[in-house]
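**Student:** predicted model, plus sequence, below.
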Amino acid sequence: MITAIISQTIGLRLWADLMSGIVSASTFVNPLVAGFSACFASRYTAPLGDRLHTSTRRSTAPLLLNFLGAFLPALTGFLLALGVLTVYAAAVGSYGAPSAVWLLKLASAMLVSCAFGYALGALTGSRWWTAPTSALTLLAGFLVITYRGAPDWIEQGYPLSVVIDDVFYRLIPLTTIGQTVLNVGISALLVLVVAGARLAGPRLPAASLWITGVGIALGIALMSLGDWRYAEFYDPEDTVCEGSSPQICVNRGYQAALPELVRVFSELNTKAADTELATDRLEQEGIGEDPNPGARSLYLYELDEGFANSSASDYLWEYGATEACWERGDRSEETIAVSVVNMWLSDYDEFGLAELGESAPGGLQYQRLNQLSPEQGNAWLREHIDAYFSCSLTLDDLP
Amino acid sequence: MSGLRYFARDQHWLWITAAGLLAAAVAFLLGPTSVQITSRANYLPLTSAATLLPAIAIQATLGRFATPAYRLSSRDMRWWALLHIVGGTLFAALCLALALLPAWFEAAGLSGAQAESELRVGAPAMIRCLIAYTGTALIAMRVIGVRFAWVAPLMWVMIPFVVPAYRIDDPLGLVLLPIQPDRAIAPWILAIGLWVLGVALTLLRVR
């Protein structure tokens, strides 16, 4: 819950961020669930097994109830955290809604972690290393997958997920449901392994094995139908646009950013009028794989102080002279001159040139550019636009 | 039977040795860990997680001092408990240091701004993690018991994976210990402080 709240993008209230936080939290909650479950199983399955061995009933129900005794506290905690987050999200007015299939998958990941720990605990008995080994094994798998990579179906099916939710992606319900079914099937299999090894032995009802097998097969089949991907990129219609020169379109969750973006990019358009740096339409990066014809990408991450200027700076480096300057090197005079122009256009003084003044290369020129009116600056820029794009602008060329 | 004989015949030393060697193997395979935070920072939490193995092994095997055999011994077990913790920590630290020796030589061969970088993170940071996690496990053992003490260092290790690190100013390493630079003094004080506190609390418990 705490992880979900601190995972929120600065200045925004998105359910997608809260869900990302819940997913991140599962990376340490699920190993703990596995560890506690192993500890529980190592203490209570042996006495239960002794009783079942002398019983005349042929049933796995007592073992299932014993397993539920390990899982239900974890599930209760998960649901409680979700309830509190729902209240919090409603109170702060979060955009979007949690995906039910995504939540089911997270719960099933917790279930399979619990079953893994339960099986390990029941099979190894009460030893000092049982619980930490369960937790550390899950953690080690997660670390290896995270940093060494793994096929999609392993990476996305692993109970400690690194895949996060995003307003620019749409979940593929079939795959997610498939993963959920598979997790439940694997959990049932692990519990049956415990039952077969320690408790009921050959007296296991055949139906339980069949149901488990069918569940696993169904899960794999559903995941295969979804091409193993959990989400797909999509072009949501839920966008909101503002401004005329340029018109800026963002996801509705980012609507709070629009007034400041319109102000900064309008100023940029005024300064860069009649050059290729001016644009008629900006679309937030992430809406569609590429911006629509005639539009350009807008890069927007957090709504912290100066975010719109930072966004304008990113825009200029994307559509400005980056490639030409790359060949000259980032310490060349030409690159510094282009940087100064970009800082002036975006009003994003990332190096503090306004304060450094003459003591920094380009500082004096930056101050002079800022003293020009937008019209004077535009006249100067149009005169030097070719040198700007070819990254042959020198500091002497600047006002 | 004397405490020394119990101690010498104890199989738990094998576990601590195995855990120390395994942690060193991970550090060696994933190294060099003398990396800049800006380029390969994420690798350090991965390697530092390996130091959990000896830390938890040192703590969890201390449970043997609560067994009847030790309790019935007429000797004061505190010295043996101290030897257990100090010996285990030193052994694991030595394993890590040896495993990271190639990385240290590589770092020593660098020059200029790279060598002077305050952000360099390597073998000392790993050993600092080991000390801090061992201390945390020992303290947790006193608070929540020997059976669940592993939870505390595990959660600490996981924090860099779930918290947006760039948003946190943490020179002490209270939240983001694994990515503190080698030369940072405050995280060393924190790690050693935790270890000393953990040892003191453990010795107060053992008779």
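**Tutor:** It's in.
**Student:** and chain A, is stretch B:148-156 touching that?
**Tutor:** Yes - using C-beta under 8 Å from any C-beta of the partner chain, stretch B:148-156 reaches chain A at B:148, B:150-151, B:154-155. Every C-beta, even on glycine, is put in place using the N, C-alpha and C of the backbone.
**Student:** okay if I get these as JSON lines plus pLDDT?
**Tutor:** Output for the residues of stretch B:148-156 next to chain A, formatted as JSON lines (pLDDT from 0 to 100):
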{"residue": "B:148", "pLDDT": "88"}
{"residue": "B:150", "pLDDT": "91"}
{"residue": "B:151", "pLDDT": "92"}
{"residue": "B:154", "pLDDT": "90"}
{"residue": "B:155", "pLDDT": "88"}
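**Student:** ok, of the residues you listed, which one's closest to residue A:141?
**Tutor:** residue B:154 (14.3 Å; C-beta to C-beta).
**Student:** returning to that earlier point: dump the residues of stretch B:148-156 next to chain A to a markdown table, plus distance to residue A:312, neighbour count and secondary structure.
**Tutor:** As requested, the residues of stretch B:148-156 next to chain A are exported to a markdown table (distance: C-beta to C-beta, whole Å; neighbours: other C-beta atoms under 10 Å in any protein chain shown; DSSP: H, G, I helix; E, B strand; the rest coil):
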| residue | distance to residue A:312 | neighbour count | secondary structure |
| --- | --- | --- | --- |
| B:148 | 52 | 17 | coil |
| B:150 | 50 | 30 | coil |
| B:151 | 47 | 22 | helix |
| B:154 | 44 | 25 | helix |
| B:155 | 41 | 16 | helix |
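**Student:** then whatever helix or strand residue A:177 lives in to PDB, C-alphas only?
**Tutor:** Residue A:177 is part of helix A:173-194 when elements are defined by DSSP states H and E. The C-alpha trace of helix A:173-194 is given here as PDB (Å, rounded to 0.1, in the frame of the first residue of the first chain):
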ATOM      1  CA  PRO A 173      -7.600 -10.300 -20.700                       C
ATOM      2  CA  LEU A 174      -7.200 -13.700 -22.200                       C
ATOM      3  CA  THR A 175      -3.500 -13.900 -21.400                       C
ATOM      4  CA  THR A 176      -4.000 -12.500 -18.000                       C
ATOM      5  CA  ILE A 177      -6.800 -14.900 -17.200                       C
ATOM      6  CA  GLY A 178      -4.600 -17.700 -18.600                       C
ATOM      7  CA  GLN A 179      -1.800 -16.800 -16.300                       C
ATOM      8  CA  THR A 180      -4.300 -16.700 -13.400                       C
ATOM      9  CA  VAL A 181      -5.600 -20.200 -14.200                       C
ATOM     10  CA  LEU A 182      -2.100 -21.500 -14.700                       C
ATOM     11  CA  ASN A 183      -1.100 -20.100 -11.300                       C
ATOM     12  CA  VAL A 184      -4.100 -21.700  -9.600                       C
ATOM     13  CA  GLY A 185      -3.300 -25.000 -11.400                       C
ATOM     14  CA  ILE A 186       0.400 -24.900 -10.300                       C
ATOM     15  CA  SER A 187      -0.700 -24.200  -6.800                       C
ATOM     16  CA  ALA A 188      -3.100 -27.100  -6.800                       C
ATOM     17  CA  LEU A 189      -0.300 -29.300  -8.200                       C
ATOM     18  CA  LEU A 190       2.100 -28.300  -5.400                       C
ATOM     19  CA  VAL A 191      -0.500 -29.000  -2.800                       C
ATOM     20  CA  LEU A 192      -1.200 -32.400  -4.400                       C
ATOM     21  CA  VAL A 193       2.500 -33.100  -4.400                       C
ATOM     22  CA  VAL A 194       2.600 -32.500  -0.600                       C
END
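**Student:** returning to that earlier point: what is the nearest of the residues of stretch B:148-156 next to chain A to chain A?
**Tutor:** Within these, proximity to chain A (C-beta to the nearest C-beta) peaks at residue B:150, which comes in at 4.0 Å.
**Student:** just to revisit the earlier point, tell me the one among the residues of stretch B:148-156 next to chain A nearest to residue A:233.
**Tutor:** Checking the residues of stretch B:148-156 next to chain A against residue A:233 by C-beta to C-beta gives residue B:155 as the nearest, at 34.5 Å.
**Student:** spit out the contact partners of the nearest residue to that closest one once chain neighbours are set aside.
**Tutor:** Residue nearest to residue B:155 in three dimensions, not counting chain neighbours: residue A:28, with 5.9 Å by C-beta to C-beta, 6 or more residues apart in numbering or on different chains. Residues in contact with residue A:28 (C-beta atoms under 8 Å, 6 or more residues apart in numbering or on different chains) are B:154-155, B:158, B:161-162.
**Student:** kindly reformat these as JSON lines containing distance to residue B:17.
**Tutor:** Formatted as JSON lines, those follow (distance: C-beta to C-beta, whole Å):
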{"residue": "B:154", "distance to residue B:17": "21"}
{"residue": "B:155", "distance to residue B:17": "26"}
{"residue": "B:158", "distance to residue B:17": "26"}
{"residue": "B:161", "distance to residue B:17": "29"}
{"residue": "B:162", "distance to residue B:17": "32"}
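**Student:** coming back round to it: beyond the helix holding residue A:177, next helix or strand please.
**Tutor:** Next element after helix A:173-194 (DSSP H and E): helix A:206-225.
**Student:** so residue A:232 belongs to a helix, correct?
**Tutor:** No - membership of residue A:232 in a helix is not supported by DSSP: H, G, I helix; E, B strand; the rest coil, which gives strand.
**Student:** that one touches residue A:170, doesn't it?
**Tutor:** Yes - counting by C-beta atoms under 8 Å, residue A:232 does reach residue A:170; the two are 5.7 Å apart.
**Student:** about what we covered before: and the contacts of residue A:28, which two are furthest apart?
**Tutor:** Going by C-beta to C-beta, the pair spanning those furthest: B:154 and B:162, at 12.4 Å.
**Student:** hey, where'd the helices end up in chain B?
**Tutor:** For chain B, the helices defined by DSSP state H cover B:3-9, B:12-30, B:37-40, B:43-50, B:52-60, B:68-71, B:78-99, B:101-108, B:112-116, B:123-144, B:151-162, B:185-205.
**Student:** most tightly packed of those?
**Tutor:** helix B:52-60 (a mean of 28; mean count of other C-beta atoms under 10 Å in any protein chain shown).
**Student:** name the helix or strand of chain B that has the lowest mean pLDDT.
**Tutor:** Averaged element by element with mean pLDDT, DSSP states H and E, chain B has its least confident helix or strand at helix B:37-40 (a mean of 35).
**Student:** circling back to that earlier point, mean pLDDT lowest for which of the helices of chain B?
**Tutor:** Among these, helix B:37-40 carries the lowest mean pLDDT, a mean of 35.
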